[in-house]
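A.B. asks: Give me coordinates for this.
(2 chains)
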There are 2 protein chains.
Amino acid sequence: MKLTLTPEVISAENFAPYGELISAHNTPIMINDGNTERYHRLGNVTVGPDEQQGQGILSIFRGQPRTLPMNIRMMERHPLGSQAFLPASDEPYLVLVCLSHEVNGKEEPDPATFKLFVAQGEGVNYPANCWHHPLLAINKVSDFWIVDRMGPGNNLEEFFFPDDWQIDISM
Amino acid sequence: MKLTLTPEVISAENFAPYGELISAHNTPIMINDGNTERYHRLGNVTVGPDEQQGQGILSIFRGQPRTLPMNIRMMERHPLGSQAFLPASDEPYLVLVCLSHEVNGKEEPDPATFKLFVAQGEGVNYPANCWHHPLLAINKVSDFWIVDRMGPGNNLEEFFFPDDWQIDISM
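C.D. replies: Residues are numbered from 1 along each chain as shown, chains lettered A, B, ... in the order given. Next up is the predicted model:
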């Protein structure tokens, strides 16, 4: 299994199978006496099937830039809630995602669905169970606002690729 | 009642009576194999006393710059959920907040508690019922990631100042 991915420019449409793009791409409504355009409900914050069992929280992730090309060794997902990455600057960053398929009764990343996106001035929101790579800043140390879930239960699932998988990303 | 406010630099401490400052001001934990500093749980997203009755959503507010000095005619608050403003750029902006007191059996803004902050590269999270002014961008059109609540019930309360109040803000 060998994949070499180069990024495509992210849009609400091409990212839709994986998650929600948080960017000013829909029609705003005017609020605050005409002072502010509200791009409404660009993403939904979910905190698991039982809302009593978790809560949405805000954090910052400060990501070191990656060196490309880069070998990808794992993907992760959060079964109990969404996770949004909202950039605090206009620096571009990469978004590596894939869909799930069942192998021997276990869910794992489906190699046929890997996608590498480049986003700039746009945020992404992964729904629960969307496989994604940890933060991929590229040019410089970059801050992101994170909206995700805390609460009881295991909200992190990691998949480490077997030796016969080789997945590389480059620009 | 006359107030003229000039901004003070915001910090987690001086903003604490009003809401949560979303900035990298606490000690991070290292995640993603040492690639990323996580500034964890900078804010809490609440969606009302009954979690079944609303949900957290992500939006963008694109604010026009205000002209200063500016006369303030109203304050608002959201009784059913928090509202976070997370800047998408490093542009400074103003945060006008106050606490509540009871007048003739009704909650209204307490003039003794008005505060004007300037924030840059930092987000704020207003808890439910925190009186605040709508978005105050200053130098240029500025985008903010908004994390707030949608659902049944009235989540907007506005207070328009009587004629004998004169509240002005300037730099």
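A.B. asks: And the residue nearest the centre of chain A, how far from A:Pro152?
C.D. replies: Nearest residue to the geometric centre of chain A (C-alpha atoms, centre = their mean): A:Tyr126, 4.8 Å. As for A:Tyr126, its distance to A:Pro152 is 21 Å (criterion: C-beta to C-beta, to the nearest Å). No exception for glycine: its C-beta is placed from N, CA and C like everyone else's.
A.B. asks: What sits closest to A:Phe160 if chain neighbours are left out?
C.D. replies: A:Met74 (4.8 Å; C-beta to C-beta, 6 or more residues apart in numbering or on different chains).
A.B. asks: Let me see the backbone angles for the one you found.
C.D. replies: Main-chain torsions, A:Met74, degrees, to the nearest 10: phi -160, psi 160.
A.B. asks: follow-up on the earlier one: need phi/psi at the residue nearest to the residue nearest to the centre of chain A when sequence neighbours are not counted.
C.D. replies: Closest residue in space to A:Tyr126, ignoring its immediate chain neighbours: A:Gly19 at 4.4 Å, by C-beta to C-beta, 6+ apart. Dihedral pair for A:Gly19: phi -180, psi -160, per degrees, to the nearest 10.
A.B. asks: Then A:Asn155?
C.D. replies: phi -100, psi 20.
A.B. asks: For the residue nearest to the centre of chain A, give me phi and psi.
C.D. replies: phi -90, psi 130.
A.B. asks: Any idea what it is bridged to?
C.D. replies: Applying DSSP bridges to A:Tyr126 gives these bridge partners: A:Gln83.
A.B. asks: what do you get for A:Asp148?
C.D. replies: With DSSP bridges as the rule, A:Asp148 is bridged to A:Ile57.
A.B. asks: OK, contacts around it?
C.D. replies: A:Gly56, A:Ile57, A:Ser59, A:His78, A:Gly81, A:Ser82, A:Gln83, A:Ala84 (C-beta atoms under 8 Å, 6 or more residues apart in numbering or on different chains).
A.B. asks: For it, report the pLDDT, please.
C.D. replies: What the model reports as pLDDT for A:Asp148 is 90.
A.B. asks: What count of nearby residues applies to A:Asn154?
C.D. replies: 8 (other C-beta atoms under 10 Å in any protein chain shown).
A.B. asks: tell me the SS of it?
C.D. replies: coil (DSSP: H, G, I helix; E, B strand; the rest coil).
A.B. asks: Go ahead and confirm A:Leu94 touches A:Leu136.
C.D. replies: Yes - with contact taken as C-beta atoms under 8 Å, A:Leu94 and A:Leu136 are classed as touching, separated by 3.9 Å.
A.B. asks: can you list residues touching both of the two?
C.D. replies: A:Arg66, A:Ile169.
A.B. asks: So which of those two has more stuff around it?
C.D. replies: A:Leu136 (27 against 21).
A.B. asks: so A:Met150 sits right up against A:Leu58, yeah?
C.D. replies: No - A:Met150 sits out of contact with A:Leu58 when judged by C-beta under 8 Å, with a separation of 10.7 Å.
A.B. asks: Overlap of the contact sets of these two?
C.D. replies: With contacts taken as C-beta under 8 Å, 6+ apart, the residues that reach both A:Met150 and A:Leu58 are B:Arg41.
A.B. asks: of those two, who's got more company?
C.D. replies: A:Leu58 (27 against 16).
A.B. asks: Now the more buried one. Nearest residue, chain neighbours left out?
C.D. replies: Of all residues not flanking A:Leu58 in the chain, B:Gly43 sits nearest, at 3.6 Å (C-beta to C-beta, 6+ apart).
A.B. asks: if I pick that neighbour, what's in contact with it?
C.D. replies: Contacts of B:Gly43 by C-beta under 8 Å, 6+ apart are A:Ile57, A:Leu58, B:Glu20, B:Ile22, B:Ser82, B:Ala84, B:Gly123, B:Asn125, B:Val147.
A.B. asks: residues in contact with the lowest-mean-pLDDT helix or strand in chain A?
C.D. replies: Lowest by mean pLDDT, DSSP states H and E among the helices and strands of chain A is strand A:2-5, with a mean of 80. Under the contact criterion C-beta under 8 Å, 6+ apart, strand A:2-5 has outside partners A:Pro69, A:Leu96, A:Pro111, A:Phe114, A:Lys115, A:Leu116, A:Trp165, A:Gln166, A:Ile167, A:Asp168, A:Ile169, A:Ser170.
A.B. asks: which element follows that strand toward the C-terminus?
C.D. replies: Next in sequence after strand A:2-5, counting helices and strands by DSSP states H and E, comes strand A:8-9.
A.B. asks: Okay, now the sheet partners of that following strand, with direction.
C.D. replies: With DSSP bridges as the test, strand A:8-9 pairs up with strand A:115-119 (parallel).
A.B. asks: So, low pLDDT: which residues of chain A?
C.D. replies: Scanning chain A with the threshold set as pLDDT under 70 gives A:47-53.
A.B. asks: What about it, which residue is the most distant from its middle?
C.D. replies: Outermost residue of chain A (C-alpha atoms, centre = their mean): A:Asp33, 34.1 Å.
A.B. asks: ok, now how distant is that one from chain B?
C.D. replies: Distance from A:Asp33 to chain B, counting by C-beta to the nearest C-beta, to the nearest Å: 8 Å.
A.B. asks: that older thread, mind listing what's buried in the least confident helix or strand of chain A?
C.D. replies: For strand A:2-5, the neighbour count (16 or more other C-beta atoms under 10 Å in any protein chain shown) marks A:Leu5 as buried.
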